[in-house]
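Undergrad: Quick one: sequence and predicted model below, then my questions.
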Amino acid sequence: MKRILKTLFIISVLLILMIATQQGMFEHLTDSNWVAQFVAKQGALGLFILLGIGALFTAIGGPRQVIAFVFGFALGGLNGALFSTLATLLGCIIAFYVARLTVRSSLQKRFGQRLQKFENLIGTQTWLKVLMIRLLPVGSNLLTNLFAGATHVPAHGFFIGSTIGYLPQMLIFSFAGAGIGLSDHYQLAISISLFVISSIIGTYLYRSRLRKQVSELVTE
């Protein structure tokens with residue numbers, strides 16, 4: 001039964017990915033005006049579709065900051081941040097389980113020593129360490145997701161830490177998109193303020209020992 005479910009999961013992901021690519025949805029997703037018009041025409045259904053496309057976009061390594069900006073442009077600062085964070089979390093979950101269910105052995109052969117160090121790093125206090133990793137201005141989101149899936153890192157701690165860690169950048173870029181899309185200086189000011197705060201935190205973490213460990217493990 002588990003094997004059947006694994007197979008169905010992978011087939012579903014590949015099928016949706018193929019359809020999205022053929023329809024040019026990833027290209028549309030990076031077009032702020034297209035997304036805004038799509039949401040205006042399609043309403044709730046459009047949001048649901050964009051959520052799925054955004055999840056796939058980040059699952060294959062697309063920059064989450066892009067969808068935060070675009071969703072902010074189309075939906076406003078706060079709503080854009082929430083929807084883009086949800087899409088990025090879903091992308092994180094997809095990549096995590098693709099690694100855990102299908103390519104785990106291949107990743108272990110290719111990155112054996114790095115995977116072991118990664119697991120040792122975040123195996124305890126997982127959510128807190130993952131939160132710090134997400135806040136660092138280094139590392140690959142895709143590799144982090146794949147490495148976590150290929151190890152014995154607890155899924156719930158990884159997803160909780162990722163969600164909280166994603167939020168600051170998503171808020172920054174979403175409010176920036178909203179400020180430009182709505183010509184709202186107030187939302188731009190919020191984005192700049194959040195950027196300053198995030199930069200201070202990022203600088204502190206960048207000087208920490210964790211930054212060096214993460215940079216060595218999950219940088220492409």
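TA: It's in.
Undergrad: Tell me the buried residues in stretch 149-168?
TA: By 16 or more other CB atoms under 10 Å, the buried positions in stretch 149-168 come out as 149-151, 153, 157-168. All C-beta atoms are positioned from the backbone trio N, CA, C, and that covers glycine.
Undergrad: Can you say which two of those residues are spatially most distant?
TA: Greatest spatial distance among these (CB to CB): Ala150 and Pro168, at 26.7 Å.
Undergrad: what's Val98 in contact with, if anything?
TA: Listed by CB atoms under 8 Å, 6 or more residues apart in numbering, the contact set of Val98 reads Ile10, Val13, Ala59, Leu146, Gly149.
Undergrad: Which ones among the buried residues of stretch 149-168 lie within helices?
TA: 149-150, 157-168 (DSSP state H).
Undergrad: Closest one of those to Ile53?
TA: Tyr166 (17.5 Å).
Undergrad: how close does the closest one get to Gly62?
TA: Tyr166 sits 14 Å away from Gly62, going by CB to CB, to the nearest Å.
Undergrad: go on, Phe69?
TA: 12 Å.
Undergrad: higher neighbour count, those two?
TA: Set side by side, Phe69 and Gly62 show more neighbours around Phe69, with 26 against 21, by other CB atoms under 10 Å.
Undergrad: so what's the more buried one closest to, chain neighbours aside?
TA: Gly177 (3.9 Å; CB to CB, 6 or more residues apart in numbering).
Undergrad: helices and strands around the helix or strand harbouring that neighbour, which ones?
TA: Using DSSP states H and E, Gly177 sits in helix 155-181. Judged by 3 or more CB pairs under 8 Å, 6 or more residues apart in numbering; DSSP states H and E, helix 155-181 is in contact with helix 32-42, helix 64-75, helix 77-101, helix 126-135, helix 185-206.
Undergrad: Relative to the whole chain's centre, how far out is that helix?
TA: In terms of CA atoms, centre = their mean, to the nearest Å, the centre of helix 155-181 is found 8 Å from the chain centre.
Undergrad: angle of that helix against helix 32-42?
TA: Going by axes from the mean of the first three to the mean of the last three CA atoms, to 10 degrees, helix 155-181 is angled at 100 degrees with respect to helix 32-42.
Undergrad: just the buried residues of stretch 149-168 now: which is nearest Leu86?
TA: Taking these together and measuring to Leu86 by CB to CB, the closest member is Thr163, at 8.7 Å.
Undergrad: Can you tell me what sits against stretch 57-71?
TA: Residues contacting stretch 57-71 (CB under 8 Å, 6+ apart): 13, 17, 26, 29-32, 35, 50, 54, 79-81, 83-85, 87-88, 90-92, 94-95, 98, 140-142, 145, 166, 169-174, 176-177.
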